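J.: What follows is a predicted structure for the sequence shown.
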Amino acid sequence: MDELNKNMLAAVAGVAEIATSASPEALFAAVDHCIRPVLNQTLCTVNRYNPQTESLTRLYSSDPHSYPVGGSKKKAGTSWGRHVLHEQQLFIGEGEDAIREFFDDHTTIRALGLRSVINVPVVSRGVCLGTFNLLMTTARIESPSVQWARVAGLMATPGFLSLPGEQG
């Protein structure tokens, strides 16, 4: 087994331990750090979904200056919201045109040098609880990165389920 695989397995084991004993925020940070060696994400955010208001509220940010915890976005009536929140499908945005088309904050994203995004719906028992979001400086996203993003969403699920008011 190569060094990266050994390190990733150790990191996943660390996330599993944190998932049983730490706060949701600590778990989200651990997942962010766990997958960074393979995805090389520059920004990771985690958002809780409120289906009544069709909005997302940020629970975690690897860059709290640019994307503070507590910030929110309305997604009612958007194709992104339909795809990710309602249909519970992964969103992959590659290149500046995709970022500009789907995100109101595209100017901030571009200013940070970010050129691609993977938004993972975090789902439990058919209910979308929120999203795990990874933004990279590369314009293209390779298939292994998509699979690791899916794993990140799964690893983050216990954090969502431990939030007050979550039914899952």
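T.: Sure, I can see it. Numbers count the residues shown, from 1 in each chain.

J.: going forward, measure contacts and count neighbours with C-alpha atoms only.
T.: OK.

J.: Next, the buried residues of the lowest-mean-pLDDT helix or strand in the chain.
T.: Least confident helix or strand, the chain: helix 3-21 with a mean of 76, by mean pLDDT, DSSP states H and E. Residues 8, 11-12, 15-16, 18-19 are the ones in helix 3-21 that count as buried (16 or more other CA atoms under 10 Å).

J.: For this protein, just list every one of the strands.
T.: Along the chain, counting by DSSP state E, strands occupy 43-50, 55-61, 72-74, 91-94, 116-124, 127-136.

J.: Mean pLDDT lowest where, among those strands?
T.: Mean pLDDT is lowest for strand 72-74 among the strands of the chain, at a mean of 93.

J.: Counting by contacts, list what that strand packs against.
T.: Under the contact criterion of 3 or more CA pairs under 8 Å, 6 or more residues apart in numbering; DSSP states H and E, strand 72-74 touches strand 55-61.

J.: List the buried residues in the strand it packs on.
T.: So, applying 16+ other CA under 10 Å, buried residues of strand 55-61: 55-61.

J.: now stretch 117-131
T.: Here stretch 117-131 shows 117-124, 127-131 as buried, counting by 16+ other CA under 10 Å.

J.: which among those gets closest to residue 88?
T.: Taking CA to CA as the measure, residue 88 sits nearest to residue 121 out of those, at 5.7 Å.

J.: related to what we said a few turns ago, include distance to residue 162 when you put the strands of the chain into CSV, please.
T.: Putting these into CSV (distance: least, CA to CA, whole Å) gives the following:
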stretch, distance to residue 162
strand 43-50, 12
strand 55-61, 13
strand 72-74, 20
strand 91-94, 25
strand 116-124, 12
strand 127-136, 11
